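**Student:** Let's see this in three dimensions:
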Amino acid sequence: MRRVLGLIFLLLVFTLTVSAQDATTFTSEDGLLTFDYPSDWEMGEAAFEAGAYSVPFTLPNAQVTIKVIDVSEDTPEAFLSAQREASEGGVREFDIGEFAAVSSALTSGEYQIAFALNDTHVAVAVIEAESSDVALEHEPLVAEVLASLRFGMAQAEAATIESPVLNITLPSGWASISNQLQGDYFQFGLRPVDETDERYILIEFLDLAPRGLADIVRSEGVGTLMSQLPGGDSDPETLTLGGFDLVRAVGFNESTSRYVAYTLFVVEDSWLVAISAGALTEEDASALIEVIDEIVVEMEDGINLTASALEGILAPTIEGAEYFPGFSAEHRQGPVEYAETPPAGGPHNPVWQTCGVYDAPLKNEHAVHSMEHGTVWITYQPDLPADEVEVLANFTRRGTHRLLSPYPGIDSPIIISAWGYQLRLESSDDPRLLEFFQTYEQGATTPELGATCSGGETRVASQLQ
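**Tutor:** Model (predicted):
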């Protein structure tokens, strides 16, 4: 079963020395991320998806993207170690303010600078240019931008959650620090305004129907899920509050070394609402139940899971992209018939296709499993000119969740697919190619966000007959 509760947001405040002159300040919508950048840099559309902030810039001869990425499912050091191993042109290490940064050439013309902000987040700058020499020319100024980066708690005035699915006023002394809207999984992180207070609250919505859990909950009650949570109780307390039938328990989560007060209930027949409140002591976790109760009462009029609200979240934002809702993520052996060509999701083989560049067609069933992990699959007509194929191959090698293969019989020179989304292109120089990857690679509709795309099937279709 996909995890019911997500990552714990333990965000700290960081302030680095600002040295840029003639600079413009960027501030994210939630107020957590700010940094200064040269006024002559042209900023693109900033995004916050799946726990990552991404702010792209266009320079006269390069592209620069500043990111802050949540790596709490692993560790920042693991992220930096992977960057060192992925380097194709050597690794250099130097200080940015008080932080130890790693700079590496990932491909010809692409450099990445990264450092750990805290135990859960890394700051990253990606420089893309026509050559390594051009990319390196921009490194000193990009490092200066990173040195101005500040990332931390939302301010006291952020006392509400405002989103398409949840709109509530928060209890006094609490601030909204993060939110993720991932198709059929929504997450909202809260922390006390007092930055020294280590408590947290996480509000999560999970659609049980695609996971085959809705019928189980209907017959056995939502309490059956409580025992599957870290430290959850198999015999939880039951009560009614704010028009909802709740189950509640307090336990100890060994992986985070926190006591957690859990409250679970179901809305709209199949949506699980899970509220977890963590603290260092069992007494403090139990005391957070009063805060949870305030939130639950607010939710009675604050939840919006109507079809129009959900469609608004899932609707494609890229011109020409198509959206295909309601895919099953069932594992099946043998061939699967798909409505789309190439497929954009659905039942698939238990083994995913290892990401990378292939020069022969792949089995749909393995590639679809890769898309479940957040991979974008580029397919092209076998007679696509070699220079265009090479552009696509170089582009594919720049990411961890990218797959490229020819696909006989498709009705467009190039078709790019992510779980639930697809876009047809006439050529490899279409700017929507990059936009699609920025939106959907490990993006909002990823069913298994954070899952790997390595270590899977490496054979092509002709080798699996």
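**Student:** State the pLDDT value of residue 88.
**Tutor:** Looking at residue 88, its pLDDT reads 69.
**Student:** now do residue 218
**Tutor:** Note on residue 218: pLDDT of 83.
**Student:** Am I right that it is in a helix?
**Tutor:** Yes - counting by DSSP: H, G, I helix; E, B strand; the rest coil, residue 218 falls inside a helix.
**Student:** mind listing what residue 376 touches?
**Tutor:** Residue 376 sits next to 401-403, 416-418, 436-437, 440-441 when contact means CB atoms under 8 Å, 6 or more residues apart in numbering. C-betas here are computed from N, CA, C, even on glycine.
**Student:** Residue 395 - that's part of a helix, no?
**Tutor:** Yes - assessed with three-state DSSP, residue 395 lies in a helix.
**Student:** where's it relative to residue 336, distance?
**Tutor:** Distance, residue 395 to residue 336, by CB to CB, to the nearest Å: 28 Å.
**Student:** just residue 159 next, same as before
**Tutor:** From residue 159 across to residue 336, the span is 48 Å (CB to CB).
**Student:** Strands along the stretch 1-150 of the chain, start to end?
**Tutor:** Using DSSP state E, counting those that start in this stretch, the strands found in the stretch 1-150 of the chain span residues 14-15, 23-27, 33-38, 42-43, 47-49, 52-59, 62-70, 91-96, 99-107, 110-116, 121-129, 150-151.
**Student:** what's the closest of these to residue 278?
**Tutor:** Among the strands of the stretch 1-150 of the chain, strand 62-70 comes nearest to residue 278, with 16.6 Å by CB to CB.
**Student:** what comes into contact with the closest one?
**Tutor:** By CB under 8 Å, 6+ apart, the surrounding residues in contact with strand 62-70 are 7, 26, 33, 35, 37, 41, 51-57, 79, 117, 120-129, 134-135, 138, 142, 145-146, 149, 151.
**Student:** ok, now with 6 Å
**Tutor:** The contact list for strand 62-70 (CB atoms under 6 Å, 6 or more residues apart in numbering) reads 33, 51-57, 121-129, 138, 142, 151.
**Student:** what does stretch 287-307 give?
**Tutor:** For stretch 287-307, using CB under 6 Å, 6+ apart, the contacting residues are 165-168, 171, 241-243, 261, 263, 267-268, 271, 275, 277.
**Student:** chain center to stretch 161-168, what's the gap?
**Tutor:** How far stretch 161-168 lies from its chain's middle: 19 Å, per CA atoms, centre = their mean, to the nearest Å.
**Student:** And stretch 250-266, by the same measure?
**Tutor:** The answer for stretch 250-266 is 23 Å, by CA atoms, centre = their mean.
**Student:** Span of it from start to end?
**Tutor:** This stretch, stretch 250-266, spans 19 Å end to end (CA to CA, to the nearest Å).
**Student:** swap in stretch 442-456?
**Tutor:** End-to-end distance (CA to CA), stretch 442-456: 17 Å.
**Student:** And for stretch 357-370?
**Tutor:** 13 Å.
**Student:** what comes up buried for that stretch?
**Tutor:** For stretch 357-370, burial by neighbour count (16 or more other CB atoms under 10 Å) applies to 357-358, 361-370.
**Student:** Can you say which two of those are spatially most distant?
**Tutor:** 357 and 365 (19.7 Å).
**Student:** export stretch 189-200 as PDB, just CAs?
**Tutor:** Provided in PDB are the C-alpha atoms of stretch 189-200 (Å, rounded to 0.1, in the frame of the first residue of the first chain):
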ATOM      1  CA  GLY A 189       2.300  21.100   6.600                       C
ATOM      2  CA  LEU A 190       2.000  23.300   9.700                       C
ATOM      3  CA  ARG A 191       4.500  24.500  12.300                       C
ATOM      4  CA  PRO A 192       4.300  26.800  15.300                       C
ATOM      5  CA  VAL A 193       5.200  30.500  14.600                       C
ATOM      6  CA  ASP A 194       7.700  30.200  17.400                       C
ATOM      7  CA  GLU A 195      10.800  28.900  15.500                       C
ATOM      8  CA  THR A 196      12.200  27.100  18.600                       C
ATOM      9  CA  ASP A 197       9.000  25.000  19.000                       C
ATOM     10  CA  GLU A 198       9.800  21.600  17.400                       C
ATOM     11  CA  ARG A 199       6.100  20.400  17.200                       C
ATOM     12  CA  TYR A 200       4.500  19.900  13.800                       C
END
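**Student:** For the stretch 1-150 of the chain, give me the ranges with low pLDDT.
**Tutor:** Within the stretch 1-150 of the chain, the stretches with pLDDT under 70 are 1-22, 30-31, 49-51, 88-89, 97-98, 107-108.
**Student:** can we see that at 90?
**Tutor:** Within the stretch 1-150 of the chain, the stretches with pLDDT under 90 are 1-40, 44-53, 60-62, 69-122, 128-141, 143-150.
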